[in-house]
Each structure stands twice: as structure tokens, then as C-alpha cells.
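> Prediction below, plus the sequence it came from.
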Amino acid sequence: MIGFVLLVCAKITLQGQANAADNGMFWFGSALLVGAVAVAMAMSLLPERLAIGALALLIIGSFIFNKKRQQHKKAMSGMISSGILWVRAGELVHDNLGKREHIHLTDGDKITLIGEQLQIVDSSDVRKYHITGFESAQEAKAAKAILEGQALTKRHVNIKMKSN
């Protein structure tokens, strides 16, 4: 008996907005820049002790800014909301403005459907990816089924054919 295996791959265009930069980080960075100029002026106008104190405040502010920036980058790293998503069993390729990220799921990863969103967590329930921007809940459901290697049926998705 000969069996056929149909490899399912889907191209999904996410409709969400690209992750916007955090305005709080912009303003804090701007304040650090103003602080640097103020420290430069303080070093030339104020006595040494006050100038050294101003410089110490700037160094502490820079340290806090860098720490917050790293936390923000880490929090936003698993958020996918726009671009093109290529979905195959156990694998995603996210293409966003020409920048491609290949995502391979491991055996312990769990995929959860939350309305029109997908959440991928690892074996210890730590969030790895949160995908939004699907056109409908059916599209998210089809993406989940493909990722899990399930066969698609008519109830999962409407298949649109394009001629080239």
C-alpha cells in the first residue's frame, strides 16, 4: 500500500501594526542627553565636588537607562504582529520588512489559541512567542493546526488559489 504525505505550508500576512518604539524610552534617553550637556557645563562652571556629583548622577542615569532598555528589548522579543508568516509543521519563518527570523519549535513547546492570537510557550510555561494580527480566528486556528502537523480540513480554512 502506498501512502501520500501532503506537506502543508501556509503564507499568512499579519494585519497588525509593527511594534512601535516606546515613547518613555525616547524621553528618558533625551533626558540623559540633556543631562550630559548639563554635566559638561557643570564641570566648567561649578566647584570640583559638585561637578563630580553631577557626573556621578549622569553615570547612574546611564546605567538605569541601559537596564530598562534591555528589559524592554527582552519583553518585545517574542511579539509578532505584522509582516508575513510562513507556517509549516513545527516551524515558522517571520519576514518583517526584509528581516527574516526562523523559528523552530521543540517537542516541549505548546501552542495555545487565544481568540485570534497564538501563544507559544516552552515546556516550563515560559512564553516564547505571542503572535497577533491574524485576519480571523479561523486563520489563527489553521496556523495552529499546521504548526502542530495536523491535517487541514475544509472547516479549518478556506483555500484561495492564485494563478501566476
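Structure received. Residues are numbered from 1 along each chain as shown.
> Please, where are all the helices along this structure?
Per DSSP state H, the chain carries helices over the ranges 23-45, 48-76, 137-147.
> wait, what's in contact with V87?
By Cβ atoms under 8 Å, 6 or more residues apart in numbering, the contact list for V87 reads 9-12, 143, 146-147. Every C-beta, even on glycine, is put in place using the N, C-alpha and C of the backbone.
> Please pick the buried ones from these.
Neighbour counting with 16 or more other Cβ atoms under 10 Å marks 10, 12, 143, 146-147 as buried within these.
> what's the neighbour count on G98?
For G98, the count of nearby residues is 6 (other Cβ atoms under 10 Å).
> wait, which of the buried ones among the contacts of V87 is closest to Q70?
For those, the closest approach to Q70 (Cβ to Cβ) belongs to L147, at 29.6 Å.
> what ranges of this protein fall below the confidence cut-off?
Within the chain, the stretches with pLDDT under 70 are 1-8, 17-22, 151-164.
> hmm, try it at 80
Residues of the chain meeting the criterion pLDDT under 80: 1-10, 16-25, 28, 72-77, 150-164.
> ok, G133 to A89 distance?
21 Å (Cβ to Cβ, to the nearest Å).
> okay, those two: which has more neighbours?
The neighbour comparison of G133 against A89 (other Cβ under 10 Å) goes to G133, with 20 against 14.
> Quick check: that one touching M79?
No. Judged on Cβ atoms under 8 Å, G133 makes no contact with M79 at a distance of 10.2 Å.
> Find the residues that touch each one of the two.
Taking Cβ under 8 Å, 6+ apart as the contact rule, G133 and M79 have no neighbour in common.
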